[in-house]
Structures are given as structure tokens and as C-alpha cells.
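# Predicted model follows, preceded by the sequence.
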Number of protein chains: 2
Amino acid sequence: MILSSSTVDIVSVYAVLHADDARHIGVREGDRVTIINNAKGTSVRAAVSLTENVTTPGTIIITAGANEKLQTNKGDPVEIRVASRPASIEFIRKKMDGGKLTREETAQIVEDMTANVLSPSEITAYITAAYINNLDMDEIEYLTREMVASGDRLSFNTRPIVDKHSIGGVPGNKITLLVVPVIAAAGLLIPKTSSRAITGAGGTADLMEALAPVTFTIQEIQQMTLKAGGVIVWGGATNIAPADDLIITYEYPLKIDARGQMLASIMAKKMAVGSDTCVIDIPVGPGTKVPNENEGRLLANDLIELGRRLGVRVECAITYGGAPVGRNIGVNLEVTEALRILEGMPGPTSLMQKSAALAGMALEMTGKTAYGFGTEAAMDLIKSGKALQKMQEMIEIQGGDPKVKSSDLALGSNVFDVPAPNDGYVIAVKNRELINVARTAGSPADHGAGLYLHKKPGESVKKGEPILTIYADRGWRLQRAIEEARVSMPVVVEGMLLDRVPPIRRVA
Amino acid sequence: MILSSSTVDIVSVYAVLHADDARHIGVREGDRVTIINNAKGTSVRAAVSLTENVTTPGTIIITAGANEKLQTNKGDPVEIRVASRPASIEFIRKKMDGGKLTREETAQIVEDMTANVLSPSEITAYITAAYINNLDMDEIEYLTREMVASGDRLSFNTRPIVDKHSIGGVPGNKITLLVVPVIAAAGLLIPKTSSRAITGAGGTADLMEALAPVTFTIQEIQQMTLKAGGVIVWGGATNIAPADDLIITYEYPLKIDARGQMLASIMAKKMAVGSDTCVIDIPVGPGTKVPNENEGRLLANDLIELGRRLGVRVECAITYGGAPVGRNIGVNLEVTEALRILEGMPGPTSLMQKSAALAGMALEMTGKTAYGFGTEAAMDLIKSGKALQKMQEMIEIQGGDPKVKSSDLALGSNVFDVPAPNDGYVIAVKNRELINVARTAGSPADHGAGLYLHKKPGESVKKGEPILTIYADRGWRLQRAIEEARVSMPVVVEGMLLDRVPPIRRVA
């Protein structure tokens, strides 16, 4: 990608001091100073960063984030005073030393985190300490409550308010596009906030955006939910639990997903939209976030207990996550597959089954059906066309075209069938590698890009028959995706070579 | 302090991308991109930082640190490619998960740290993980070796090369100004690198600077040591063990001093100057870094074992650190006190005793005297004037005036005697509070500032007799230091009020 370069300043609240000035004032890297703009009567507390070459003694560099409050112009005189360290750093130290954080201490950390008072390094120290020393259920409850308090919330006058969440890691998991309209079609309210693709080929917000806008204020989300029963919007556009977004941001470079923070993250987002009834999908198996059913049950217990403390009734479904849900991966491919089911066209049984089962749990929990009859009721809502009608209402209220049909969504015009290397049974599909092929083909930025999985584990295949069809909007991306599929072999056919020693050298 | 403000860019190697561009490329906060300046054939790998307001899509912000290699001008087009994450992040994760780092893994972390490849947050994660999960002696050895390898080193053709270190925390610890000339006067080589005040009232480098320049290249340090036998220079001006400086920088905001990193830090600096014989002073007691003798012995054992692995013979002295060494605190005050002893004038016995004992250990370890005769030999070198003569040589070779006398050093002209509040014995002096009074008076930036401690624990005092004299170069600083002393009461006289409830309100 070609961008235009610029060397202006960045967002964090830093005061960059020459080392000589810092010595004179008596501050070091990471200390806090108060910068005062006497001309305007403004001041800001900033973390000190030292330099010996990008400035000269007598000149302080202020980041854009700091100057927002200070409103100085280049060359204006500012007064510098030593400021105290944020109290939350002591609480982070306490967690590093194995202590247990109180509600007040957790509140202070979350407040200082979201107010930019803690530096990225200090937030990372908190995350690392909580990862290594773990948070107990009290600490997780406090963190969840403070995450919710850190941002905006929805508040409905009626009950129940339903929500649904899937633990990530499974490609093609477009079930939200079915679960939400089914639940709303049953007369329930479900204000569903979703994320965009992080490491996957398409997040639910990316999928919904192929049908309608997904960026709304919290007030709009509430009003639309009250009118249409359900919405599917992008949570990232709201100010819901911003502390959670910060933690996720700083966890990401370390590729950690600490248990305590994950539980708090899930439940904070549910609590913040006012949900009191929540169905959580926990896919387990190789390539997912949860390696086996037993771990899935432990996670479910923690979610239920945390929900109980927060006044949210939680039930969890342990689902099979070792292969994609349905057969399509990529934005328009997944939306097409979901719409086809709503339209009553033939589609993967697994997708319909899983969606109906999850929606059915919500129907049972809210008393819309008796226990044991939820899945069937959900199936009926799909088959009767009521879920499709509800989806059209949702698309319309979000500003999309309610007349959209599954056949309207354009798939990439550059197409390639990956053939089976020999006769045999598919013994495995590799989730991560499938996602990589779809991403290499252009997903989620290119809406037509992605793949169709012809064969899932247990199905037989003949040599030369397609096992995978790759779609791309751009030719060069298709070529790269084909290469990627050749190297990573995401569909494993019994009897096929798994590796070759010495490896084939790829030409760059 | 009044500075001139400027909003230019900062040192770290960051690429600040608009969130939309990042989504398009498929990178998130903390991921790495390669930025290519095709016009000049330059490129740099940088950590991604996201923004939605300080830049617009299509424009990337490059920090000064990144632009050093890239050499772009504002508005130049640059190409962005996704780059791989540094391998060292995996090793940091391993330490977070309780694993043991190999030599190779440690080397990669240290390399990526010093090359600015790891972000401050990632370095903090490493430090936090090593603090919580501890480093074992193998890991400490690897870290020490890699710290040494990260920078310049001295290498002498002769042996022994002596060094000396004091664990910090004790105010007024000017013994290096005595120990180094004594050891050099005995015909030994001692290339002593020292630090400036960090949280104290004056580091050894600050003290020596009152007598001669202390900023030299590694080559100059070697040549001067060969000529004069000893030098006392500022380590911060050299490129010795820069990885250690980085770790200290990122430990500081968290106020931690992890055992493993502290051991590595001490021994890396000794090893890097080519030392094979090292005396380490471990002050113990309230207000120091080591709370009691037993902890001091454990630390000594670790230092000796680490030295053994690295080929440095280490002996440690457990010393009393509950009160200042000597009676003067502050740059010129401390230098005066040390020079008076070298000049044969009366001075605190404790200072002379401690200095001679430590220098004597080095004389014994190197065979200059038999065991048990080192202290006496060191005393003789002081009393005979040989140590003074050596100190004058050292001052001269470093570019100072060798004829300087203890009476030449100007003490602050603003002076105040703090009187004893009542008759009694001094039962305690508070190290930290004494340092704060000296710093408030202007030390170490104002060379004449500091204090003289009239009474040490166990000495009797009459009401109104001075217990402390404060010196300051500037009147307003004296006033602040007097207030500070009134509030913090660094000298505790038996029978004196320790606190008053409700507290007296201070007027700002």
C-alpha cells in the first residue's frame, strides 16, 4: 500500500524533555509533570519521555494528545512542575506482587487507563501481571463493572433484553445473521453489537455491513432495537466499555487472551447493552480458542457465575469448532449462505441446526417456549419466513435495502478450484489455514473474496475433484491465495503427502 | 521551570496509521510494518500505532526514530508492507508463561530491545514477567553476558583490573572518592564508571564532576586508566551495556528493581570494563535497598556465584546503611568531606573506616597485602598522602585542576540551622527524608546545596542546638527545604512529637 508520509505528532499524552532539563527538574522517564500554559490558564499532566537529540534544552515536546488540553502554539512558553505519580501504579505493583485488587483499586486503574493517565507501558504491566498472577472471580467482577462504567450504556424499560456471543476462532461463523432475526421474530429485543474481523476473514459487523450501515450512536441503537426488535451493529463505533477495547489493544501485541480479562470483556459488553439474558456459544476443538469440551465446560461455569454476580442470566452452548460453520468463508460468501437459509433455499444443515439451537436457547430462557422446544420453534420461525421478514426490517431500519436477495451479493470474479490431490476421505480441515487463504484472497476488505469448502471431514473425494473454490475481486490476490493454499494445504485428504523433506523452496 | 513548547515528533520507531488504512492492510496496534521509501531505496520496520483523528486515510505518520533510517520528507509517498513480528515476543510470552529462557532467546530479546525493534510496552512485558516469575541463575548469567555484548567494552592486557560497586539507597555515600584513589595508589588499575543521581542527592559522577570532567569515550577511559591507574567517570556517557540502561528506564515507572535484573545490571557493568576483581558494598538496614543482614548475605552469595560464572572474583562487604555515610549530603558538601580525609584533616571516622575497609578488601584480593592487613594498608595510603597525590593525578588526567583543595568548594550561601525541638538522644535519622531535604535545597543540580548532619543516632542533643544545617545556592530553595525538613522531620530526637492529629494544614 502506498501512503503519503508525514512527521507530525502522536496521540498519547507525553511530555518529551531534553535529558538536561529533566535532570534539572529532577524527573526521569515515566515520571509525571504538570505542564501549565499560563497565557491560557490551561494545564495537563503528562508522562515524561526523555531525549538527547530530538530537542534542545529549554524546549519541551508536547504530543497532540497533551496539547488538546493545553492549546499551546509552537514556541509558546510553558511552565513545568513535578506532578505526583498516578495512584493506580501502586495498585498495578500490588497485582505484580501477587496481591488481590479491591473494587476501588480496580476502579482507579480503569479510570486512569481510559483517561490516558497511564502510559501504554503501565497498562501493559497491569495486563501482564493479571495474566501471570490471574484475577479471581471477585476481581473479574470488579473489572467487568468498571469496564461497563467506563463508557456508555443502553437502558431499556422492559425485560427481557437478550444478547448472544460466540467465543471466536471458528471460520465462517455467520450464525449471528440467523440467530438475531429469529430471536427478534419471536418478539424479543436483541441489541446486538458485533466486532469487525480481527484475525479472521470477516467479523459479524463486516458481514452485516454488506447489507446495511453498521455505525450508529448508542441512542440510535436503542431506538432501532425498540422499533425493529433487533439490530446488528458495529460495537467499535460506540463508546461501550472503552476500557475493554484498551485492554484488548494492549494484549494483542503479546498475543495473549488472559482468562480474567476475556470473561470481563464478554460480560461487560453484554451488561452495557442492558442485557439480562445471554446465550454464549463456546466452540471447542483444534484450532479454536478452547481446546476441548472439558475446558469448554469450565469456561461456561465461569461465565454463568460471573453473569449471576452481575444480574445477567447466562446459558452456554458447547459447540463443535474443529471445522468451519457452513461451507462459505468471506464477507459476501457468508452473507449469501445465511440469507439463503432465511429465504428457505437449501443450505448446510450444520449452519441451520446450530443457529436454531442457539436462538432456541434464548426462546426457552425467556419463556417464549417451554424447555426442550426452543430449537423447533426457532426452526419454525426460519421455515415460515418470519425470520427473513424480521431480517428485512432490521436491514431497513439500519438504512439498507430490505429487498436484497442472497443472489444479489457479488462473489469475486476471479475464481479457482483447488483439486483433490488423490482419492480418499477428508480427514481434517485446518481452520487457521482456511482463514489465511480467505484473507490472502482479499477478505474482509474485498467483499467478494473468500472460499467455498466443497468437502468437510468425513466426506469422500476423488482425485481432481474440487475440494476448495477460491474467489477474489482482484487477479493478483487470487494468484497469491492459490499459492497460499498449495503451501498450507487447509483440506487434508487421507493418503496425501503432509510434508516433503527437504522442503520445496518457494520463489519470492 | 519555564520551557518553550514545540509539537514535533518523538524518538521511538512507530508508524502511526489511520485505522481505515490499517484495516485495509490487515494490521492492528502493535503489529509490524515495513515502510519503504522507494525514491531513496531505504526502509525501516516499525510498530503500528493506530489513530482516527491525528491523521487521515492515505497518510502515515512516521516518528523521528523511524525517519532516521527512512529519510522521507513530509508528503513523500512511502510503500507499506506487513512485516513479521519480532521472534523475541514469543520468548517474552514464554517467560510470561513461566518458562525458562535459553541463552539464544535471551540474546534475541536483548538485541531486539537495543535495536528499538521491541516497543516500550513489549519491553515492559518482559520486565514484568521476569519480575513476577523470576530469573534463575542460568537466565541471569545469559542476561548479563548479553547486556555486556550489547555495548562497548574495555579490554586490558594486564591483570588484575579492579572494580568497586555500592548497592544504592544510603545518602552521602561518597566513599568511591576515597576507595578509587587508594586502590590506584597501591599500583592497581581501577576504571570506575559511576552514575549520576537517580533518586539520590548526588551520584558519584555528580560528585567527581565538581572536580573534573566525567564524560569520556571508552577509549579515553582505557588510556586514562593505564596512565593514572584510576579514573572516576560517568558511565552514562559511554555505550557500556546499553541494554541494562533500557531495562532500568522501563523498570523505573513501576518502581521495581527485580533481583535478577539487578544482579545482571551490576555484574554487566563490571564485566564490560574488563574487571576480574570486584568489591561490592551492600548497605543494609531501614531505608536501604536491603532490609537486613540476612538478606544482604543472600544477595552477596548470588553476586559471588554470578561473578564465578562470569570469571569475575567478587567479595562483598555488608555495611551499616541505616544512616548516612559521613555527615555531609550534596555535591560540594560531600566532595569537601572526602577531600578533607585525603588531605589528612579531621573527618568522620565512619567514612574513613568504611572506605579503608573496602579498598583494603581489593588490596587483599589482589595479593597487594596479606589477608587481614588490607584495611591497615589502605589507611596508610590515606595517611601518607599517597591517596591524595593519586586523586590529584586522576583529577588532572580527567582535565580538572589538580591543585584543588577541600576549602575551594563553595557551599551554598543561604544557610539555616534546624534546631532540636527538645533535649534528648537522636534515636533515628530517616535516609529518604534527608535526601528529600537535600534535593529540595537544590542538590544535585545546585552544587552548593545540601545539608550537614550534626547529630547521628545515639548522640545527645540539647533543645535549640542545631541538628541539621541546610545549604542552598538560591534563597527560595532554602525556604522550601526548611519547610520540607519541618514536615518530614528527618532527625528523630527521643521525646519529640512524631505526628499531630489533625495534621497542620500546609499553605501552598
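Received the coordinates, thanks. Just so we're clear, the structure is a prediction, and the values are computed from it rather than from any experiment.
# Once you drop chain neighbours, what's closest to the residue positioned nearest the centre of chain A?
Nearest to the geometric centre of chain A sits A:Ser195, at 4.3 Å (Cα atoms, centre = their mean). The shortest distance from A:Ser195 to any non-neighbouring residue, by Cβ to Cβ, 6 or more residues apart in numbering or on different chains, is to A:Gly203 (4.7 Å). (Glycine included, C-beta is placed from N, CA and C.)
# how much space between the one you found and A:Arg327?
Plainly put, A:Gly203 is 19 Å away from A:Arg327 if you go by Cβ to Cβ, to the nearest Å.
# Name the SS class of A:Gln479, please.
Recorded secondary structure, A:Gln479: helix (DSSP: H, G, I helix; E, B strand; the rest coil).
# Tell me how many other residues crowd it.
Number of residues near A:Gln479 (other Cβ atoms under 10 Å in any protein chain shown) recorded here: 16.
# Then A:Val491?
27.
# got the contact list for it?
Applying Cβ atoms under 8 Å, 6 or more residues apart in numbering or on different chains, we find A:Val491 in contact with A:418, A:426, A:428-430, A:453, A:455, A:467-468.
# Can you name the next helix or strand after the one helix or strand A:Ile266 maps to?
Using DSSP states H and E, A:Ile266 sits in helix A:259-272. Moving toward the C-terminus from helix A:259-272, the next helix or strand (DSSP H and E) is strand A:277-284.
# Remind me what that next one packs against, helices and strands.
strand A:162-166, helix A:293-310, strand A:313-320, helix A:349-365 (3 or more Cβ pairs under 8 Å, 6 or more residues apart in numbering or on different chains; DSSP states H and E).
# Checking my notes, A:Asp244 in a helix, right?
Yes: the assignment for A:Asp244 (three-state DSSP) places it in a helix.
# Can you give me the pLDDT of it?
The score at A:Asp244 is 91. That number is its pLDDT.
# What about it, how many residues nearby?
Other residues lying near A:Asp244 total 27 when counted by other Cβ under 10 Å.
# For the residue in the stretch 351-500 of chain A that chain B sits nearest to, which non-adjacent residue is spatially closest?
Going by Cβ to the nearest Cβ, chain B is nearest to A:Ala445 of the stretch 351-500 of chain A, at 5.3 Å. Nearest residue to A:Ala445, sequence neighbours excluded (Cβ to Cβ, 6+ apart): B:His24, at 5.3 Å.
# Now do the strands for the stretch 51-200 of chain A: every range, in order, please.
Assigned by DSSP state E, counting those that start in this stretch, the stretch 51-200 of chain A shows strands spanning A:59-62, A:77-83, A:162-166, A:190-194.
# Now render the ones you listed as a markdown table, adding distance to B:Arg477 and mean pLDDT.
What follows is the strands of the stretch 51-200 of chain A, written out as a markdown table (distance: least, Cβ to Cβ, whole Å; pLDDT from 0 to 100):
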| stretch | distance to B:Arg477 | mean pLDDT |
| --- | --- | --- |
| strand A:59-62 | 22 | 83 |
| strand A:77-83 | 14 | 86 |
| strand A:162-166 | 60 | 96 |
| strand A:190-194 | 56 | 96 |
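# Run through the residues that contact A:Ala186.
A:359, A:363, A:368, A:377-378, A:381.
# so A:Ser350 touches A:Gly321, yeah?
No: applying Cβ atoms under 8 Å as the test, A:Ser350 and A:Gly321 come out as separate, 11.6 Å apart.
# So for these two, which sits in the more crowded spot?
Higher neighbour count among A:Ser350 and A:Gly321: A:Gly321, with 27 against 16, using other Cβ under 10 Å.
# Could you pull up the residues touching the nearest residue to the more buried one once chain neighbours are set aside?
In space, and not counting its chain neighbours, A:Gly321 is closest to A:Pro283: 2.7 Å by Cβ to Cβ, 6+ apart. Residues near A:Pro283 by Cβ under 8 Å, 6+ apart: A:166-167, A:169-170, A:173, A:289-290, A:319-321.
# what does A:Pro160 give?
Contact analysis of A:Pro160 by Cβ under 8 Å, 6+ apart lists A:188-189, A:276-277, A:365-366.
# can I get the residues you listed in JSON lines with neighbour count and pLDDT?
Formatted as JSON lines, those follow (neighbours: other Cβ atoms under 10 Å in any protein chain shown; pLDDT from 0 to 100):
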{"residue": "A:Leu188", "neighbour count": "21", "pLDDT": "98"}
{"residue": "A:Leu189", "neighbour count": "25", "pLDDT": "98"}
{"residue": "A:Asp276", "neighbour count": "20", "pLDDT": "97"}
{"residue": "A:Thr277", "neighbour count": "24", "pLDDT": "97"}
{"residue": "A:Met365", "neighbour count": "21", "pLDDT": "96"}
{"residue": "A:Thr366", "neighbour count": "20", "pLDDT": "97"}
